[in-house]
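1. All I have is the shape, not the residue letters:
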């Protein structure tokens, strides 16, 4: 049965790789939510894609995009606390349970020798909001990113020290994990997965 997936921040570099992989591998219909749909105008004619222009913090437009979805994948930047609050509230309002949300390594002070810094506070705030949401979430916490054409990564769970934090991981690797999480229809809800370079 075809699944309906909403992608928030769809113009992002990781999200774009996820889009192509999902269309290739799964029976899905994608709603791509972004500020300016012209950024992905080349996808507008695809029979399994709907472009939806809007702001995540505009709950009216977000509500319209979420109606009828089975899963929400959010890969956002900016005001992460406000974004995550809007996503959680709108998912509650629409009855959607499944959320895949990308934050950052370091939100649990899990990087050996590198104490938590204020630059990570927005991602920590968002992570806490998602963890307290009561939704069926998976949080993805990648290391710093690169654009290499490679899939080479390992993972850690919440409570484990982050491995190789000084090595960048490819966006292609992070996209691979996200697609695996979505395609597996995880039953281990409530996971927070760190992604590092092997």
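-> Thanks, I have the structure now. In this text, all values refer to a predicted model and were calculated from it rather than measured experimentally. Numbers count the residues shown, from 1 in each chain.
2. For residue 158, see how far away the residue sitting furthest away from the middle of the chain is.
-> Relative to the centre of the chain, the most outlying C-alpha is that of residue 113, 27.1 Å out, by C-alpha atoms, centre = their mean. Separation of residue 113 from residue 158 (C-beta to C-beta, to the nearest Å): 19 Å. Where C-beta positions appear, they are placed from N, C-alpha and C, glycine not excepted.
3. And for residue 85?
-> Per C-beta to C-beta, residue 85 is found 21 Å from residue 158.
4. Residue 72 now?
-> Taking C-beta to C-beta, one finds residue 72 at 21 Å from residue 158.
5. Please say which of these two ends up with more neighbours.
-> Legend: neighbour count by other C-beta atoms under 10 Å for residue 72 and residue 158, higher for residue 72 (27 against 16).
6. before we move on, what SS does that one have?
-> Secondary structure, DSSP: H, G, I helix; E, B strand; the rest coil: residue 72 is strand.
7. Might you report the residue contacts of it?
-> By C-beta atoms under 8 Å, 6 or more residues apart in numbering, residue 72 lies in contact with 5-6, 8, 66, 87, 91, 96, 98-100.
8. Now with 6 Å, please.
-> Residues near residue 72 by C-beta atoms under 6 Å, 6 or more residues apart in numbering: 6, 99.
9. now the one 5 residues further on
-> Residues near residue 77 by C-beta under 6 Å, 6+ apart: none.
10. can you tell me the helix or strand for it?
-> Using DSSP states H and E, residue 77 maps to neither a helix nor a strand.
11. Same check on the one 10 residues further on?
-> Here residue 87 is covered by helix 80-94, with elements defined by DSSP H and E.
12. Could you check that helix and say which residues are buried?
-> For helix 80-94, a neighbour-count test (16 or more other C-beta atoms under 10 Å) marks 80-88, 90-91, 94 as buried.
13. what packs against that helix?
-> Judged by 3 or more C-beta pairs under 6 Å, 6 or more residues apart in numbering; DSSP states H and E, the packing partners of helix 80-94 are helix 59-66, helix 121-131.
14. Distance to residue 40 added to those helices, as a markdown table?
-> Shown next, in a markdown table, are those (distance: least, C-beta to C-beta, whole Å):
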| stretch | distance to residue 40 |
| --- | --- |
| helix 59-66 | 14 |
| helix 121-131 | 24 |
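15. will you turn the ones you listed into CSV that also has mean pLDDT, distance to residue 195 and mean neighbour count?
-> Output for these, formatted as CSV (pLDDT from 0 to 100; distance: least, C-beta to C-beta, whole Å; neighbours: other C-beta atoms under 10 Å):
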stretch, mean pLDDT, distance to residue 195, mean neighbour count
helix 59-66, 96, 26, 18
helix 121-131, 97, 14, 19
